[in-house]
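S.K.: A predicted structure for the sequence below; I have some questions about it.
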Amino acid sequence: MITRRAAAQLLASTAAAAALGAGPAAAAADKTVVVGVHLPLTGADAQSATLILHGAQLAFDQANDSNAVPGYTFKVKVFDNATATAGQYDPAQAATNARKMVSDPHLVAAIGPEMSGDGKAQAPILSQGDLATITPASTNPDITNPRFAAEFMPAGKAIYFRTVTTDAYQGPEMTMFFSKKLGVKSVYILDDSGAYGVGLADAFEAQAKKIGMKVMGRDRLDPKNSDYSTTLTKIKSINPQALYYGGVDQAGVKLVKQSYQIIPKMIKGGGDGMYAPDILTAAGFPAAEGWYATIAAPHLVGEKQAQGVIQAYTSKYGVEPSDYALTAYDGGLIIIGAVKTLVAEKKPITKATMRDAIGASKTPTLQGVVQFDKNGDMLSHTVSVYQIREDKSKPLSDMIAQYHYLGSAPEA
Amino acid sequence: MTFSSLLLQQTINGLSLGAMYALLALGFTLIYGILELINFAHFNVFMIGSFVALWVLQGFGLSGQAIVLTGLPLVGVLVAAFAVTMGGCGLLGVAIERVTLRPLRNVTGPAAMITTIGVSYILFNIVLLITSAQTMNFPNPLPPLQWNVGGAVVTLQELLIWGVAPILMLGLWAFVQKSRLGKAMRATAQDPEAARMMGVEVDKVVMTAFFLGSALAGAGGMIFGLYYNFTSFLIGFTAGLRAFTAAVLGGIGNVPGAMVGGILIGLIEAYSGQFIATEWADVIIFSILVLVLVFRPSGLFGRVAPTKS
């Protein structure tokens, strides 16, 4: 008969064994490498974040299936960077998750966040905790800018790596696209008051002023407000040639709907915040028709070398990946590569060794060989431009069908 | 756009917003008038109203903006959707009262108000779970008609708001002023103890107030969906807080005050967005809330509180 105390002891020892990553029966099995994936999986950002989550998951599943690093199994631990109260990404929750990841002894690297507002809250914690994260989507340049190192990199070493470029390129290159390809001479600029949106709009505005494009005004949208008709009426009365919006889809969906009512003919564009399935499903057509959007990466879903991965993704999850799902896959490849390097060099796999290995890595990925500068930014910086045009033969949420790739943006 | 047509357009925008705030403000005012309770669950009853309307319209086979109805089918669908939405939300309001508030009726202090905050979050999270937090595309069966008036544009949706909201508000006002139950409501508001002694069934009065207030919030939710063509679990808080400000501005507990307060807040939002900056609209609206509470707590129309012990 098992007494209550004996049962408790048994439970405790099992839990301890499980925590070490090896139960008694699996003592001889693979060592487990735990990777945190932290994304805004609740609220307005959930759809795009789920696509990204699956991209990262796929990289590790494939590595496990093909035994990419013999003797090691990868395990993904998911963290939600959004809260219901915020309705979208929530920097306070992201900071909490960063603390959880840093204090988890088995977790040695991470993928995320999607949102720069989350990244700004996390970077100082990750830096102190030596934990490297690879963001497949967050583009605010401040986080990796040496000027702000005291704030975001207090421990001195790069921990915030990206498989996308930053808004220091995304904003200005879109200004050049507006000017050179669309002939825009006057513009009104909006942002959604988030870290990403404000930074992107600022970068667009600075470049516009530099090249002599007339900035007719700038306003800020509250993403929790429902009615933007006041602002849009004001823009209509000022009558610029184009509208540029820096921000994510929570305000973006409403902006698309209401701008179609009030300023239907104006040229309208945004950044990678507007490259999201919500824009297609919640705002829908005809409102979304004609909007321009960019991503801070090469157009991967069109690349030949990505087709195998796209097929695997589509058959596994039932939807086509977004480009940022593939940059997340790239992030996974870089982490797997770093583990491989450490194993080959017979070094221990810890947060600090992983951080150094990722920083020094030159990993072949879907977008070619990725290499980082000393701040964690990618050496290449391609920005791709899309226009939304309805393809009635495909489902509304099919991003590959509804976002038409127009080419990479002109350099600023 | 000339200045005058711009001003006209912003007035149109403001009146549409204001009508919606007024419908919501009435619910706050009705319940406050009778129970002296600020019912924060009201925010999300409004939100649920928009979802009930969404499901009803989807039940009629409408989705997205693809299907447009005219004539009798349009009127029929709208009337049916309003009826189900208002009835459903009214019953939800009654259920909230019966289950969570009646047991606290005789508890003094803020317990009941805090309970309504809790209920508000429960409703919010239920919808969050059901919809997995997606922003939903709201069907719009109205034909895309619009008219040019003095350089400004008026849409059919706006006319619908300006038609439906006053009818509902006048109906409520007439009910409160003329019907027996309305008289009982006013009596209870003035002095519940005396009303009870005169044979007024206070429970019935309170239930009626919750039913009517919540039904109006439901109508507001449906109008919101038709006007903006989207809904999400998030829409309750911003609209609810502004409507609450409208109720305070008009004099909480005062039915005509809530209507005027709602319209004023809508206009203030539109004008401050035009002439100051969008990001200042909330600062201005909530400054008004604070100023009214400090300098004229009874609001624009409120009497100095009738003696209530």
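M.R.: Structure received. Residues are numbered from 1 along each chain as shown, chains lettered A, B, ... in the order given.

S.K.: tally of neighbours for A:Gln393?
M.R.: Careful, residue A:393 is Ser and not Gln. Here the number of neighbours of A:Ser393 (other Cβ atoms under 10 Å in any protein chain shown) works out to 7. For every residue, glycine as well, the C-beta is placed using N, CA and C.

S.K.: any idea how far chain B is from it?
M.R.: 15 Å (Cβ to the nearest Cβ, to the nearest Å).

S.K.: what are the ranges of the strands in the stretch 201-350 of chain A?
M.R.: Taking DSSP state E, counting those that start in this stretch, the strands of the stretch 201-350 of chain A run over residues A:214-220, A:242-246, A:267-270, A:292-295.

S.K.: can you lay out the ones you listed as CSV showing distance to chain B, mean neighbour count and mean pLDDT?
M.R.: Converted to CSV, the strands of the stretch 201-350 of chain A look like this (distance: least, Cβ to the nearest Cβ, whole Å; neighbours: other Cβ atoms under 10 Å in any protein chain shown; pLDDT from 0 to 100):
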stretch, distance to chain B, mean neighbour count, mean pLDDT
strand A:214-220, 4, 16, 95
strand A:242-246, 13, 26, 97
strand A:267-270, 16, 24, 97
strand A:292-295, 17, 26, 95
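
S.K.: of all the ones you listed, which one is nearest A:Lys31?
M.R.: With Cβ to Cβ as the measure, strand A:292-295 is the member of the strands of the stretch 201-350 of chain A nearest A:Lys31 (35.9 Å).

S.K.: contacts for that closest one next, please.
M.R.: Under the criterion Cβ atoms under 8 Å, 6 or more residues apart in numbering or on different chains, residues A:164, A:170, A:173-174, A:177, A:267-272, A:274-275, A:279, A:323-324, A:383-388, A:403, A:406, A:409 lie in contact with strand A:292-295.

S.K.: again, 6 Å this time
M.R.: A:170, A:174, A:269-272, A:274-275, A:323, A:383-387 (Cβ atoms under 6 Å, 6 or more residues apart in numbering or on different chains).

S.K.: which bits of the stretch 101-250 of chain A sit near chain B?
M.R.: Taking Cβ under 6 Å from any Cβ of the partner chain as the measure of proximity, the stretch 101-250 of chain A contacts chain B at A:Asp219, A:Arg220, A:Lys224, A:Asn225, A:Ser226, A:Asp227, A:Ser229, A:Thr230, A:Thr231, A:Thr233, A:Lys234, A:Ser237.

S.K.: ok, the fourth one - how many residues close by?
M.R.: For A:Asn225, the number of neighbouring residues by other Cβ under 10 Å comes to 21.

S.K.: which strand or helix spans the residue of chain B found nearest chain A?
M.R.: For chain B and chain A, the shortest gap (Cβ to the nearest Cβ) falls at B:Gly273, measuring 3.2 Å. With the criterion set as DSSP states H and E, the secondary-structure element containing B:Gly273 is helix B:255-275.

S.K.: and that helix, which residues are buried?
M.R.: The neighbour-count criterion (16 or more other Cβ atoms under 10 Å in any protein chain shown) identifies B:255, B:257-274 as the buried residues of helix B:255-275.

S.K.: re earlier: buried ones among the contacts of strand A:292-295?
M.R.: Restricting the contacts of strand A:292-295 to buried positions leaves A:170, A:174, A:269-272, A:274-275, A:323, A:383-386, with burial counted as 16+ other Cβ under 10 Å.

S.K.: find the nearest non-adjacent residue to A:Ala357, please.
M.R.: Here the nearest residue to A:Ala357 in space, its sequence neighbours aside, is A:Ala338; by Cβ to Cβ, 6 or more residues apart in numbering or on different chains that works out to 3.8 Å.

S.K.: get me the contact residues on the stretch 51-200 of chain B for chain A.
M.R.: Residues of the stretch 51-200 of chain B lying close to chain A (Cβ under 6 Å from any Cβ) are B:Gly64, B:Leu128, B:Ala133, B:Thr135, B:Asn137.

S.K.: find the closest residue to chain B in the stretch 101-250 of chain A.
M.R.: For the stretch 101-250 of chain A, the nearest residue to chain B under the criterion Cβ to the nearest Cβ is A:Thr230, separated by 3.2 Å.

S.K.: roughly how far is the longest helix along chain B from the heart of the chain?
M.R.: As assigned by DSSP state H, the longest helix anywhere in chain B is helix B:3-35. Helix B:3-35 has its C-alpha centroid displaced from the chain centroid by 9 Å (Cα atoms, centre = their mean, to the nearest Å).

S.K.: what's in contact with the helix or strand that that helix is followed by?
M.R.: Remark: after helix B:3-35, the chain's next helix or strand is helix B:41-59, criterion DSSP H and E. Among residues not part of helix B:41-59, those counted as contacts by Cβ under 6 Å, 6+ apart are B:24, B:27, B:81, B:84-85, B:88-89, B:92-93, B:96, B:116, B:119-120, B:123-124, B:138-139, B:214, B:217-218, B:220-222, B:224-225, B:231, B:235-237, B:240.

S.K.: rewinding a little: for the strands of the stretch 201-350 of chain A, give me TSV that also has distance to A:Asp90.
M.R.: As requested, the strands of the stretch 201-350 of chain A are arranged in TSV below (distance: least, Cβ to Cβ, whole Å):
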stretch	distance to A:Asp90
strand A:214-220	19
strand A:242-246	19
strand A:267-270	22
strand A:292-295	23
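
S.K.: quick one, which of the ones you listed is nearest to B:Gly299?
M.R.: B:Gly299 lies closest to strand A:214-220 among those, at 30.4 Å (Cβ to Cβ).

S.K.: direction included, what does the closest one pair up with?
M.R.: Strands adjacent to strand A:214-220 in the sheet, as given by DSSP bridges, are strand A:186-191 (parallel).

S.K.: next, the angle strand A:242-246 makes with the strand it pairs with.
M.R.: With axes from the mean of the first three to the mean of the last three Cα atoms, to 10 degrees as the basis, strand A:186-191 and strand A:242-246 are set at 20 degrees to each other.

S.K.: buried ones in strand A:186-191?
M.R.: Under the neighbour-count criterion of 16+ other Cβ under 10 Å, strand A:186-191 has A:Val187, A:Tyr188, A:Ile189, A:Leu190, A:Asp191 buried.

S.K.: contacts for that strand?
M.R.: Judged by Cβ under 6 Å, 6+ apart, the contacts made with strand A:186-191 from elsewhere in the structure are A:197-198, A:201, A:205, A:213-214, A:216-221, A:235, A:240-247.

S.K.: switch the cut-off to 8 Å
M.R.: For strand A:186-191, contacts defined as Cβ under 8 Å, 6+ apart pick out A:178, A:197-198, A:200-201, A:204-205, A:208, A:213-221, A:231, A:235, A:238, A:240-247, A:255.

S.K.: test my guess that A:Asp222 contacts B:Trp280.
M.R.: No - with contact defined as Cβ atoms under 8 Å, A:Asp222 does not reach B:Trp280; the gap is 10.6 Å.

S.K.: picking up where we left off before, can you report how many residues neighbour the residue nearest to A:Ala357?
M.R.: Other residues within reach of A:Ala338, judged by other Cβ under 10 Å, total 26.

S.K.: could you check the pLDDT of it?
M.R.: Per-residue pLDDT puts A:Ala338 at 97.

S.K.: residue contacts, it?
M.R.: Counting by Cβ under 8 Å, 6+ apart, the residues that A:Ala338 touches are A:Ala109, A:Met354, A:Ala357, A:Ile358, A:Ser361.

S.K.: which strand or helix spans the spatially most central residue of chain A?
M.R.: Against the mean C-alpha coordinate of chain A, by Cα atoms, centre = their mean, the closest residue is A:Ala137 at 2.1 Å. Following DSSP H and E, there is no helix or strand that holds A:Ala137.
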